[in-house]
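Participant: Need a 3D model of the sequence below.
(one chain, ligands or ions: 1)
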Amino acid sequence: MRNDNLWVTIDTLGATLRRLRVRDGDGWCDLALCCPEDGYMGRTVGRFANRLSGGRFEIDGTTYQLSVNEPPNTLHGGEHGFSSQEWEVVSAAADEVALRLLSPDGDQGFPGRLDAAAVFSLGANALTVSYAATCDAPTIVNLTLHPYFNMGLTPDIDDLIMFVQAPEYTPTFSDGIPTGDVSPVDGTGLDFTTPRRLGEARAAMIAQHRDRHGRMDHNFVVPGDGVREMVRLIGGGHTLSVFSDAPHVMIYDGAAFDGTLTGLGGKPIGPHAGVAVEPQSMPDAPNQPGFDDTVLRPGQIWSRTISYMAS
Ligand code: GAL
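Facilitator: Take a look at the predicted model:
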């Protein structure tokens, strides 16, 4: 889909945002990394984004064991989560593509059949993805999109300026499972409440031992509800704002990329080649008292909106 300002490419495999290009003089600038071989890059992750501790959770007194793909935990919905499934095209117009995935009862261990939709709409300056889901038995849902943004910068995003509207984050154990605490970002390398260079912030975060194996890989708590700006990225002469009605946003700095995969122009995707910005409910929420309620019941409609406004 393309207009004067934006040009996006959507792939049915994983309901993926394959490319996000913004007008750049007479040409276009890719704002996100593109590598179809990466199992999560640009893809819709679900049924439950991020980690579920022990690969299980409980609803109404019944415990469900899920596919475990990061032992002993489940990451991004299991071994064959929504990101690796083929979504069906429901409709395709010049400025809107609607995709659907019917996830059967027991898919990756999740209870109930889930009927999920992902609608990608192109506006004058923004791409919006609207998710919706219904079920026929109680289940849990937490879908998000997993693009890695580099704003056209290579080989890394150290000079990218990031702004995150989050005064707090949720610390984790070394395996990425939240400790259950909510901590202030004030005075830490995770304080992006004023715009900050990613390379500098990462160095501070590592010096303070707040990294996870050298990574910035943290869930930020964004106050308020409804669609609001969560994250702004500035770099390469462009600005990208991520808006969502999700309660939180996960930010991962791509530290584990090792150059094995190549992206646009055959360039290796090395450490910190892009930053993943993933509006979502809290990681492991079903297993954490006091975290978001992520249970969906028959008769309810789960929905989530994410917009990428670019200039
Ligand atoms: C992120 C997650 C990272 C990593 C990545 C996929 O959402 O926070 O820890 O698993 O996905 O490689």
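
Participant: so what's the most centrally placed residue in the chain bridging to?
Facilitator: Here the mean C-alpha position of the chain is nearest to the C-alpha of residue 278 (C-alpha atoms, centre = their mean), at a distance of 2.4 Å. Judged by DSSP bridges, the bridge partners of residue 278 are residue 250.

Participant: Kindly provide the distance from the residue of the stretch 151-300 of the chain found nearest the ligand to residue 240.
Facilitator: The nearest approach of the stretch 151-300 of the chain to the ligand comes at residue 252, 4.2 Å away (C-beta to the nearest ligand atom). Every residue, glycine included, has its C-beta placed from N, CA and C. Here the criterion is C-beta to C-beta, to the nearest Å. By it, residue 252 lies 16 Å from residue 240.

Participant: if we can go back for a sec, isn't the residue nearest to the centre of the chain up against residue 242?
Facilitator: No: when contacts are counted by C-beta atoms under 8 Å, residue 278 is not listed as touching residue 242 (9.2 Å).

Participant: show me the contacts for the residue of the stretch 151-300 of the chain closest to the ligand.
Facilitator: 215-218, 275-276, 278 (C-beta atoms under 8 Å, 6 or more residues apart in numbering).

Participant: how about the strands in the stretch 201-311 of the chain?
Facilitator: Remark: strands assigned in the stretch 201-311 of the chain by DSSP state E, counting those that start in this stretch are 217-221, 228-235, 238-244, 248-252, 275-280, 295-296, 302-310.

Participant: which of those sits most buried?
Facilitator: strand 275-280 (a mean of 25; mean count of other C-beta atoms under 10 Å).

Participant: by how many degrees do it and strand 302-310 diverge?
Facilitator: For strand 275-280 against strand 302-310, the angle between stretch directions is 150 degrees (axes from the mean of the first three to the mean of the last three C-alpha atoms, to 10 degrees).

Participant: how about strand 275-280, does it reach the ligand?
Facilitator: Yes: applying C-beta under 6 Å from any ligand atom, one finds strand 275-280 in contact with the ligand at 276, 278.

Participant: Now do that strand against strand 248-252, angle only.
Facilitator: Going by the same axes, to 10 degrees, strand 275-280 makes 160 degrees with strand 248-252.

Participant: what's strand 275-280 packed up against?
Facilitator: strand 144-145, strand 148-149, strand 228-235, strand 238-244, strand 248-252 (3 or more C-beta pairs under 8 Å, 6 or more residues apart in numbering; DSSP states H and E).

Participant: For these, could you give me JSON lines that also reports mean pLDDT and distance to residue 41?
Facilitator: Shown next, in JSON lines, are those (pLDDT from 0 to 100; distance: least, C-beta to C-beta, whole Å):
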{"stretch": "strand 144-145", "mean pLDDT": "98", "distance to residue 41": "10"}
{"stretch": "strand 148-149", "mean pLDDT": "98", "distance to residue 41": "6"}
{"stretch": "strand 228-235", "mean pLDDT": "98", "distance to residue 41": "16"}
{"stretch": "strand 238-244", "mean pLDDT": "98", "distance to residue 41": "16"}
{"stretch": "strand 248-252", "mean pLDDT": "98", "distance to residue 41": "11"}
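
Participant: Right, I'll leave it there.
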